[in-house]
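Q: give me coordinates for this.
(one chain, ligands or ions: 3)
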Amino acid sequence: MKKQKTSEIIIHCSFKFIVLLCSSFIVLFSSFAFSLPQEMCIYYGQATDQFGWPYMNGADVILKSGTNEIVRHTITGSISPGMNFALYVSLDDGFSATPYSDKALREGDPIEIIVRDARGEQSIMQTNIPPVGAAGDVILVNVTASTDTDGDGLSDAWEQEILNDSTNPAIATIEDIKPGDDYDGDGASNWQEFMSGNFAFLDYDYFFIEKVTSLDTRFKFEMLSVPGKAYSVASRTNLISGSWIKCPFSATENGVASVGLIEGDGDWLSFYVDKPVGTKYFSLKVQ
Ligand SMILES: [Ca+2]
Ligand SMILES: [Ca+2]
Ligand SMILES: [Ca+2]
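A: Ligands and ions are numbered 1, 2, ... in the order given. As a prediction, the model looks like this:
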């Protein structure tokens with residue numbers, strides 16, 4: 001009877017020891033838990049200067065978390081038409097309190113994008129930069145290295161160029177320059193000229209097709225391009241209604257036509273489209 005009681009005590013103690021041991025392992029495991037890298041989240045897009053012109057070189061696009069620089073892209077030409085930067089953000093799985101690297105962020109973390117150019121570090125006009133996405137997310141953000149004091153989507157520096165030209169007392173501050181107005185009266189609104197990279201104070205400078213030529217099997221459109229801007233062709237069968245859909249084109253007379261973008265270099269660009277069966281209307285797009 002006495003021996004049996006001792007066994008019970010031993011078994012009971014052993015059980016407590018095992019529980020204690022397990023607890024120790026859990027505590028030990030927790031204290032040694034570490035985070036692991038995840039598939040990166042990528043921010044990409046086009047960075048433009050204070051006048052809305054795409055940077056071709058001489059600028060860095062920098063992604064920061066607070067004061068901590070996470071990653072930067074030095075622009076050396078375009079990566080593809082309409083895209084001159086890509087920021088690869090290392091992601092942490094959030095398994096421990098401390099990320100595996102001080103350059104790793106977590107999904108949902110707020111970030112800031114700035115541009116460093118010949119003027120120094122510049123804030124960007126855009127204020128709605130999405131937070132860090134999930135592993136593998138690819139986020140498009142086009143950024144303009146300027147301020148937009150009146151919040152109308154036109155940069156202050158670009159609006160100042162119009163003010164410098166204006167002798168109209170009704171156009172005396174940047175608030176007087178409206179995106180939907182057409183300051184130089186060339187048919188393109190101020191907003192359209194900012195987006196296309198044209199001068200809004202020169203009535204002979206705007207985005208248009210300069211020349212159309214009818215060839216045997218194709219039409220040829222020619223226009224004067226803006227460096228770094230990306231162009232494409234769209235078409236529809238009704239001039240008044242219906243959606244413009246992307247249209248295959250070639251940059252050369254006998255090249256294979258395909259849907260895509262072609263980048264401007266400041267020189268003339270040509271677009272060749274196959275002649276349609278029936279009526280079709282074509283439109284040139286810029287971004
Ligand atoms: Ca503005
Ligand atoms: Ca205009
Ligand atoms: Ca103009």
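Q: what residues does the chain have near ligand 3?
A: The interface of the chain toward ligand 3, taken as CB under 5 Å from the ion, is made up of 184, 186, 202, 205-206. Just so you know, the C-beta spots here come from the backbone N, C-alpha and C atoms, and that holds for glycine as well.
Q: turn those residues into CSV, including neighbour count.
A: Shown next, in CSV, are the residues of the chain next to ligand 3 (neighbours: other CB atoms under 10 Å):
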residue, neighbour count
184, 20
186, 20
202, 13
205, 18
206, 18
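Q: list the contacts of the nearest residue to residue 257 once chain neighbours are set aside.
A: Spatial nearest neighbour of residue 257, excluding adjacent residues (CB to CB, 6 or more residues apart in numbering): residue 248 at 3.9 Å. Contacts were defined as CB atoms under 8 Å, 6 or more residues apart in numbering; by that measure residue 248 touches 233, 257-259, 273-274.
Q: recalculate using a threshold of 6 Å.
A: 257-259 (CB atoms under 6 Å, 6 or more residues apart in numbering).
Q: top of those by neighbour count?
A: residue 257 (17 neighbours; other CB atoms under 10 Å).
Q: wait, it touches residue 250, no?
A: Yes - at 4.5 Å, residue 257 and residue 250 qualify as touching, with contact defined as CB atoms under 6 Å.
Q: count the residues that sit near residue 128.
A: 5.
Q: any idea of the mean pLDDT for stretch 149-164?
A: The pLDDT scores in stretch 149-164 average 96.
Q: same deal with stretch 64-73?
A: pLDDT averaged over stretch 64-73 gives 97.
Q: what sits against residue 111?
A: Contacts of residue 111 by CB under 6 Å, 6+ apart are 63, 65.
Q: could you redo the last one with a cut-off of 7 Å?
A: Residue 111 makes contact with 63-65, 129, 131-132, according to CB atoms under 7 Å, 6 or more residues apart in numbering.
Q: how close does it sit to ligand 1?
A: From residue 111 over to ligand 1 the distance is 24 Å, taken as CB to the ion, to the nearest Å.
Q: could I get the residues of the chain next to ligand 3 as JSON lines with secondary structure, distance to residue 269 and pLDDT?
A: As requested, the residues of the chain next to ligand 3 are exported to JSON lines (DSSP: H, G, I helix; E, B strand; the rest coil; distance: CB to CB, whole Å; pLDDT from 0 to 100):
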{"residue": "184", "secondary structure": "coil", "distance to residue 269": "23", "pLDDT": "95"}
{"residue": "186", "secondary structure": "coil", "distance to residue 269": "20", "pLDDT": "96"}
{"residue": "202", "secondary structure": "coil", "distance to residue 269": "20", "pLDDT": "94"}
{"residue": "205", "secondary structure": "coil", "distance to residue 269": "16", "pLDDT": "93"}
{"residue": "206", "secondary structure": "coil", "distance to residue 269": "16", "pLDDT": "94"}
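Q: out of the contacts of residue 111, which is nearest to ligand 2?
A: Nearest to ligand 2, judged by CB to the ion, of the contacts of residue 111 is residue 129 at 29.5 Å.
Q: pLDDT at the closest one, what is it?
A: pLDDT at residue 129 comes out at 96.
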